[in-house]
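Colleague: just to be clear, the model below is a prediction. Sequence and coordinates:
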Amino acid sequence: MSSKKPRVMSGMRTTNRLHIGNYFGALKNWIELQKDYECFFGAMNWHALTDAYKEPEVFKKYNRDIITDWIAFGIDPEKSVIFIQSEIPELMELNMLFTMITPLPWLDRVTTWKDSIDDLKKKDVCNLGRYAYPVLQAADISIFRGEIVPVGPDQVPHLELAREIVRRLNHLYKLKIPEPRALLTTNKSKEAEQKDPTKTGAGNELVILGTDGRKMSKSYNNFVPLLDEPENIEKICMKMQTDPARVTRTDPGNPDICPEFSFHKLFSKLEDRKEIDNNCRKALFGCGDCKKWLARNINAFMAGPLEKRKEFLNNPRQLDEIIENGCTRAREEGVKTLDEIYSGMGWK
Ligand code: SF4
């Protein structure tokens, strides 16, 4: 691992098993980032607990599972540091310091909190941990002196806050901890990648829809797991919503408004999609045929990683070693950063 490459820090909350939205929204990009950056990827279980504090088992339940999926898809433990957030006590120590130096009005400004407050109250997660969530994110990044953070547009305000906190830290204690910069993720569907003129959506940005046409979410139970057995994937595909106007097999359909077709955009090649589009509009085949075609393509995409995942499940010691090594490496960086900060504060 070359220390000259700029350092990326990113993580995923460990609230559940991964679904395909996690792959297209983050993991796919992480795999690419490994080529040009020194990457730290964390299974963020303290973040998971801010919402799931009533289910404390969540703190441990999915950590290994999520990391297994990362590696199965191409996160390389030889290139990237893979760690579990709670195994890095230095991170929480820095979080504590950050809560001292962050003025409350800075947090009040974060729109994601204000925008979701009614929803958070309903879910009984209107707690201090959730309010100060962006401060913990700042600590996640700075404890490893992360320079680059891949984010979607909705996360930019959080990163701005992280930059302000680091700037304040540096100013107060005459330090040079890097101010992290956002690397905007521009996830593109197969459709966009292949420059299909029938593309939909402003800016060609990929929106991951669930099986019912709403945004993919565990809480709507409309997700497709990132890795699953072929027969389960086929069952999920067969239940997907279609163009509601296509009541019988002889009715022509419209793929542009069909939730099922949005999955073809992710998993099917351009030639497949053209044929499906034509078959649908001219009622040349039924939705069942279309769904089976989709299931075949999703299963082809998952086949290699599913095999790799099974290898890990059969050899848990190998995964233990990867996680132990990653956490050791992450802690070394954490200790270094805290030493530097505490020296600046005159404590060392
Ligand atoms: S044939 Fe396919 S694209 Fe057309 S409505 Fe049915 S499921 Fe949707």
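Modeller: Structure received. Residues are numbered from 1 along each chain as shown.
Colleague: check the gap between residue 232 and the ligand for me.
Modeller: Distance, residue 232 to the ligand, using Cβ to the nearest ligand atom, to the nearest Å: 19 Å. From N, CA and C alone the C-beta is placed, and that goes for glycine too.
Colleague: in the chain, which helix or strand is least confident?
Modeller: Averaged element by element with mean pLDDT, DSSP states H and E, the chain has its least confident helix or strand at helix 190-193 (a mean of 49).
Colleague: how does this structure divide into domains?
Modeller: Per automatic domain parsing, the structural domains of the chain span 7-185+316-345, 191-307.
Colleague: deepest in the core, which of the ones you listed is it.
Modeller: Ranked by mean neighbour count, the domains of the chain are led by domain 7-185+316-345 with a mean of 18 (mean count of other Cβ atoms under 10 Å).
Colleague: between the domains of the chain, which gets the lowest average pLDDT?
Modeller: Lowest mean pLDDT within the domains of the chain: domain 191-307, a mean of 87.
Colleague: quick one: that one to chain centroid distance?
Modeller: 21 Å (Cα atoms, centre = their mean, to the nearest Å).
Colleague: and for stretch 79-94?
Modeller: Taking mean C-alpha positions (Cα atoms, centre = their mean), stretch 79-94 and its chain are 17 Å apart.
Colleague: same thing with stretch 297-314?
Modeller: How far stretch 297-314 lies from its chain's middle: 19 Å, per Cα atoms, centre = their mean.
Colleague: which parts of this structure sit against the ligand?
Modeller: 242-243, 246, 253, 255, 258, 260-261, 276, 280, 287, 290 (Cβ under 6 Å from any ligand atom).
Colleague: try it again with 8 Å
Modeller: Selection of the chain residues close to the ligand by Cβ under 8 Å from any ligand atom yields 240, 242-243, 246, 253-255, 258-261, 264, 276-277, 279-281, 285-287, 289-291, 294.
Colleague: make sure residue 83 is indeed in a strand.
Modeller: Yes: counting by DSSP: H, G, I helix; E, B strand; the rest coil, residue 83 is part of a strand.
Colleague: quick one: it and residue 326 touch, right?
Modeller: Yes: counting by Cβ atoms under 8 Å, residue 326 is a contact partner of residue 83 at 4.6 Å.
Colleague: quick one: name whatever helix or strand follows the least confident helix or strand of the chain.
Modeller: helix 230-238 (DSSP states H and E).
Colleague: isn't residue 53 up against residue 126?
Modeller: No: applying Cβ under 8 Å, one finds residue 53 not in contact with residue 126, separated by 11.9 Å.
Colleague: do I have it right that residue 215 meets residue 262?
Modeller: No: assessed by Cβ under 8 Å, residue 215 is found out of contact with residue 262, at 11.2 Å.
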